[in-house]
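# Can you look at this prediction? I've put the sequence above it.
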Amino acid sequence: MTAPTRTGTTRPSGPPARVVPRRLHPGAWWLWALGLAAAASRTTNPLLLLLLAAVAGYVVAARRDDAPWARSYGAFLRIGLVVLALRLVFAVLLGSPVGGTHVLVSLPQLPLPGWAQGVRLGGPVALEGVLFAVYEGLKLAVLLACVGAANALASPARLLRSLPGALYEVGVAAVVALTFAPNLVADVQRLRAARRLRGRDDRGVRALLSVGLPVLEGALERSVGLAAAMDSRGFGRTAPVPRRVLRTAGALTLLGLLSVATATYGLLAPDGHGWAAVLLPVGLAAAAGGLLLGGRRSVRTRYRPDPWALPEWATAGAGLAVAALTVWFAGRFPEAFAPSVVPLAAPRLPLLPAAAVLLGLLPAFVTPRPSGSSR
Amino acid sequence: MITFDQVGVRYADADRPVLRGVDLTVPEGELCLLVGPSGSGKSTLLGTVGGLVPHFTGGTLSGRVTVDGRDTRTHRPRELADLVGTVGQDPAAHFVTDTVEDELAYGMESLGLAPAVMRRRVEETLDLLGLAELRGRALSSLSGGQRQRVAIGSVLTVHPKVLVLDEPTSALDPGAAEEVLAVLQRLVHDLGTTVLMSEHRLERVVQYADRVLLLPGDGTPPELGDPAALMARSPVRPPVVELGLLAGWSPLPLTVRDARRAAGPLRERLADRTPRRPASTSLDGTPGEVLAEVSRLAVTRGPVAALRGVDLRLRAGEVTALMGRNGAGKSTLLGSLVGLHRPAAGSVRVGGLVPHRTRPKELIRRIGLVPQDPRDLLYGETVAAECAAADRDAGAAPGSCRALVARLLPGVGDEVHPRDLSEGQRLVLALAVVLTAAPPVILLDEPTRGLDYAAKARLVEVVRALAADGHAILLATHDVELAAELAHRTAVLADGEIVADGPTPETVLASPTFAPQVAKVLAPFLTVPQVAEALS
């Protein structure tokens, strides 16, 4: 549906046609989120990290739809907080590698036998160590928030369905594995409730362990059931392809991947990256050719494949730009990206990198709203 | 369309074959209903059509099954996918994707149909099954009836010539079951699809069948024939057929309408008699003591209000049926009574205790629940081990549970694995485990799901005996026949609220959805035994 904007005579009232609601290609959301995650992995500056989390959160709030997996964002945030708390507890109990002079409290230290030399339990807790742990924990939490954002905006199942034909079966295996976890959680809850009905305690570790076997049994039964259902619906039907083509495809893929691995090693090694720069594209091309040939075996077609249009380019581009700019700035202002804890210094917000991070907000404005959403 | 040629199936560890000597042909464009008691091999027979038996279940298939000329022995299920659509007992286990539209397209994608064809067929199927409103919804957010319709739709999009359904309406409330059956009838009439299905709840489906395939289960070979003729000899039959046999009508009625037209003389004979009501009060006529009380109870589950302002009393000696749509809050109400859910408002009292604050060990002496899937309650490797564990859990004298099992379930060996029991036996075993702690209040969630009429009749006896002993019993059920036969009182739950609560005859006669078949013919009589008693 495109509105006739050129002539201007029949221009309909309402928003321009550019924002027809639709779902964005899942790949675009994942590239965007991975870009933000890559940026987060380059810094321990809490202000930058919080800014990244805020950017991701804002886009999620603006663009997620009302599907059940869209609610997983909250769960990821909670896991992030748990990670942060754990990091902090370990830093307090086991001490921190950075040392420090500003002692907050002194815990009683546990005497440990000689073989545990180098491990400390209890002892003085320094502000520097605590702060270091908070920064590190925050980094992990923000990484999790980025993955959670991608998960809420485009379920991984949708992403895996966009894989090329030759990788389709691998994708299905991954999707089945992904649905496994929520089903397991539901099973555990049901069986713990059943324990209560037998008059046993339904809380505590023992209760959880005792339902382990029935839960696994149920999971196994469900997997076999799913395999049967998929097979009876035509999963795994193949087109007759000459054996020679298949062998070529396999060889090409293997060679291509090997070359890519070797080339990556060459690029990262301190010397001799001339040949690696040539080998890398050759390897990539070989692998792609192999996948393409292998895809001829698959008879699958795609129902309503997600288009890759301007909003997808903008979204993926925004994520990659954030990552690239952050990496570049991290090289230029290392002290702003890793605020010092020994000696103690208040972290400051570097303006240029902060502006780069704000680029990540772009998808909240240029992408169409998800269809079926009431917002 | 489907030809069975001397088909037999035998599983490796079984002492006798599940199926033997099946030799018949199901013609094209007919709705063929499989009838037989539990364990007679209905699911196995259905599995052979789509090739799942033996390719997925193991076992040995002798003879030959051909569907539209394709031999299932040489064609794997995936090579039959364009010809046979199979929907199993649990639609949720069948789903591969996560939204309605993707699920409908999945089979076509696997077969490699052109995108334009897929678009058109998905739209057609959405309309045919009335799913257009749900197209973008996540599968996990659908109700039972909706899921079943999506599961049927997902195999229909590839335009199979044969549709195989295993118990498509057993888990559904009466309204949702009618929806699904209307769809099936439309497929047979409009598209000429051959449908082969099994169903325990014959009262729902027998009138739609063009043929009945009877599996007697006692070793005699199966028969394919006219529904009315075979129903007369079938070991399992719906109430309206029972009534026809009792009154000696010929031909036997299969629908309520047929029965009503034949019932004139019988109605006159019964005109001056009233059905005997089971005594819902103790012998001296006073109502029993209130053993559990729910008042103004509200429970929220996630963002959803599952119950709002529910009032219910369970009295000693009284059987109460709790009915209502899938998702109306029946299971939540049962769960609240055993303390699985914390009330958001209002209160639950069981024998003076607040369930969700009581330790499980205390609570099982006051109230017991047999969950929808009794397997959840059984962990033991053998019946004997299960009973010993139940005695320990309940703090009962060793052997109490085994004695209960022997009384309720005669003839079950000590060394049998609970998973090898039939559905009905497993239910009674779980009931025995719950009864070991001697709770005065007993809750049963969907007890007749998957039970044949014989197992149901035994359950009715067991529950009656418990009520006569002074237990208060609450059954959550979709089975209107069970409620009519057993319950003194029926409460109807809709959207988390009790919309009707009163003596069973009054409640079920007021609603066509919840009225049993006999009541539709001979109100105020509800069941065949009542009629038989009035006639004698």
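Looks like it came in fine.

# The helix of greatest length in chain A near chain B at all?
If you go by DSSP state H, chain A has its longest helix at helix A:168-197. Yes: judged by CB under 8 Å from any CB of the partner chain, helix A:168-197 comes into contact with chain B at A:172, A:190, A:191, A:193, A:194, A:195, A:196, A:197. In short, each C-beta sits where N, CA and C put it, glycine included.

# Please enumerate the helices of the stretch 101-250 of chain A.
All helices of the stretch 101-250 of chain A, identified by DSSP state H, counting those that start in this stretch, fall at A:127-153, A:156-161, A:168-197, A:205-210, A:212-232, A:243-268.

# and among those, the most buried is which?
Among the helices of the stretch 101-250 of chain A, helix A:127-153 has the highest mean neighbour count (mean count of other CB atoms under 10 Å in any protein chain shown), at a mean of 22.

# Show the average pLDDT along that one.
Averaged across helix A:127-153, the pLDDT comes to 91.

# Give me the angle between it and helix A:168-197.
110 degrees (axes from the mean of the first three to the mean of the last three CA atoms, to 10 degrees).

# is chain B contacted by helix A:127-153?
No: using CB under 8 Å from any CB, helix A:127-153 stays clear of chain B, coming no nearer than 12.8 Å.

# how does the chain divide into domains?
I'll assume chain A. Chain A breaks down by automatic domain parsing into domains covering A:19-157+A:310-366, A:242-297.

# oops, chain B please
Taken from automatic domain parsing, chain B resolves into B:2-234, B:290-366+B:439-535.

# Among these, which comes closest to residue A:359?
The closest of the domains of chain B to residue A:359 is domain B:2-234. By CB to CB, the value is 31.1 Å.

# Quick one: mean pLDDT over that closest one.
Taken as a whole, domain B:2-234 has an average pLDDT of 89.

# Contact partners for residue B:413?
With contact taken as CB atoms under 8 Å, 6 or more residues apart in numbering or on different chains, residue B:413 is in contact with residue B:383.

# how far away is it from chain A?
Applying CB to the nearest CB, to the nearest Å, the value for residue B:413 to chain A is 22 Å.

# same check, this time on residue B:355
Note on residue B:355: its distance to chain A, by CB to the nearest CB, is 10 Å.

# Let me have the domains of chain A in TSV, extended by distance to residue B:154.
Below are the domains of chain A laid out as TSV (distance: least, CB to CB, whole Å):
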stretch	distance to residue B:154
domain A:19-157+A:310-366	16
domain A:242-297	25
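
# counting contacts, what elements does the longest helix of chain A pack onto?
The elements that helix A:168-197 packs onto, with contact taken as 3 or more CB pairs under 8 Å, 6 or more residues apart in numbering or on different chains; DSSP states H and E, are helix A:156-161, helix A:205-210, helix A:212-232, helix B:360-363.

# Just give me the lowest mean pLDDT stretch among these.
Looking at the helices and strands packed on helix A:168-197, the lowest mean pLDDT belongs to helix A:205-210 (a mean of 72).

# Tell me who's in contact with the residue of the stretch 101-250 of chain A found nearest chain B.
Per CB to the nearest CB, residue A:234 is where the stretch 101-250 of chain A lies closest to chain B, at 3.3 Å. Residues in contact with residue A:234 (CB under 8 Å, 6+ apart) are B:78, B:81, B:82, B:107, B:110, B:111, B:158.

# can you check residue B:359 too?
Each residue near residue B:359 by CB under 8 Å, 6+ apart is listed here: residue A:201.

# if we can go back for a sec, do you know which of the helices and strands packed on helix A:168-197 lies nearest residue A:355?
Closest of the helices and strands packed on helix A:168-197 to residue A:355 is helix A:156-161, at 29.7 Å (criterion: CB to CB).

# Quick one, which of the helices and strands packed on helix A:168-197 gets closest to residue B:533.
With CB to CB as the criterion, residue B:533 lies closest to helix B:360-363 of the helices and strands packed on helix A:168-197, at 39.4 Å.

# The helix or strand that the closest one is followed by: partners in the sheet, and parallel or antiparallel?
For helix B:360-363, the succeeding helix or strand toward the C-terminus, using DSSP states H and E, is strand B:367-370. Paired neighbours of strand B:367-370 in the sheet (DSSP bridges): strand B:441-445 (parallel).

# possible to save the helices and strands packed on helix A:168-197 as TSV with distance to residue B:344?
Below are those laid out as TSV (distance: least, CB to CB, whole Å):
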stretch	distance to residue B:344
helix A:156-161	33
helix A:205-210	25
helix A:212-232	29
helix B:360-363	20
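
# that older thread, what about chain A: which of the contacts of residue A:234 touch it?
Contacts with chain A within these, as defined by CB under 8 Å from any CB: B:78, B:81, B:82, B:107, B:110, B:111, B:158.

# The fourth one: what's it in contact with?
Under the criterion of CB under 8 Å, 6+ apart, the neighbours of residue B:107 are A:233, A:234, B:81, B:85, B:154, B:155, B:157, B:158.

# Now that we have the residues you listed, which of them are buried?
Listed as buried from the contacts of residue B:107 are A:233, A:234, B:81, B:85, B:154, B:155, B:157, B:158; burial here means 16 or more other CB atoms under 10 Å in any protein chain shown.

# Surely the third one is in contact with residue B:109?
No: in this structure residue B:81 lies outside contact range of residue B:109 using CB atoms under 8 Å: 11.3 Å.

# give me every residue that touches residue 138.
I'll assume chain A. Here residue A:138 is in contact with A:44, A:46, A:49, A:50, A:84 (criterion: CB under 8 Å, 6+ apart).

# wait, chain B
Contacts of residue B:138 by CB under 8 Å, 6+ apart are A:67, A:68, A:69, B:98, B:99.

# What degree of burial does the fourth one show, as a neighbour count?
Residues lying near residue B:98 (other CB atoms under 10 Å in any protein chain shown) number 19.

# Tell me the spacing between it and residue B:42.
From residue B:98 across to residue B:42, the span is 31 Å (CB to CB, to the nearest Å).

# Next: residue B:289.
According to CB to CB, residue B:289 stands 44 Å off from residue B:42.

# Which one's more surrounded, these two?
A side-by-side neighbour count of residue B:289 and residue B:42, using other CB under 10 Å, places residue B:42 first with 26 against 12.

# List the residues that contact the more buried one.
By CB under 8 Å, 6+ apart, residue B:42 lies in contact with B:34, B:36, B:166, B:198, B:215.

# what's the residue closest to the geometric middle of the chain?
Here I'm looking at chain A. In chain A, the centroid-proximal residue (CA atoms, centre = their mean) is residue A:147; its distance is 3.2 Å.

# Actually, chain B is the one I wanted.
The geometric centre of chain B, computed from its C-alpha atoms, lies nearest to residue B:449 (CA atoms, centre = their mean), at 2.9 Å.

# is it true that that residue lies in a helix?
No: under the criterion used here (DSSP: H, G, I helix; E, B strand; the rest coil), residue B:449 is coil, not part of a helix.

# What sits closest to it if chain neighbours are left out?
Nearest residue to residue B:449, sequence neighbours excluded (CB to CB, 6 or more residues apart in numbering or on different chains): residue B:170, at 5.7 Å.

# Check residue B:217 too.
Using CB to CB, 6+ apart, the closest residue to residue B:217 is residue B:40 (3.0 Å).

# Ranking the domains of chain A by mean neighbour count, which comes first?
Of the domains of chain A, the one with the most neighbours on average (mean count of other CB under 10 Å) is domain A:19-157+A:310-366, at a mean of 18.

# Where does residue 86 sit: helix, strand or coil?
Let's take chain A. Assigned with three-state DSSP, residue A:86 falls in the helix class.

# I was thinking of chain B, sorry if that wasn't clear
strand.
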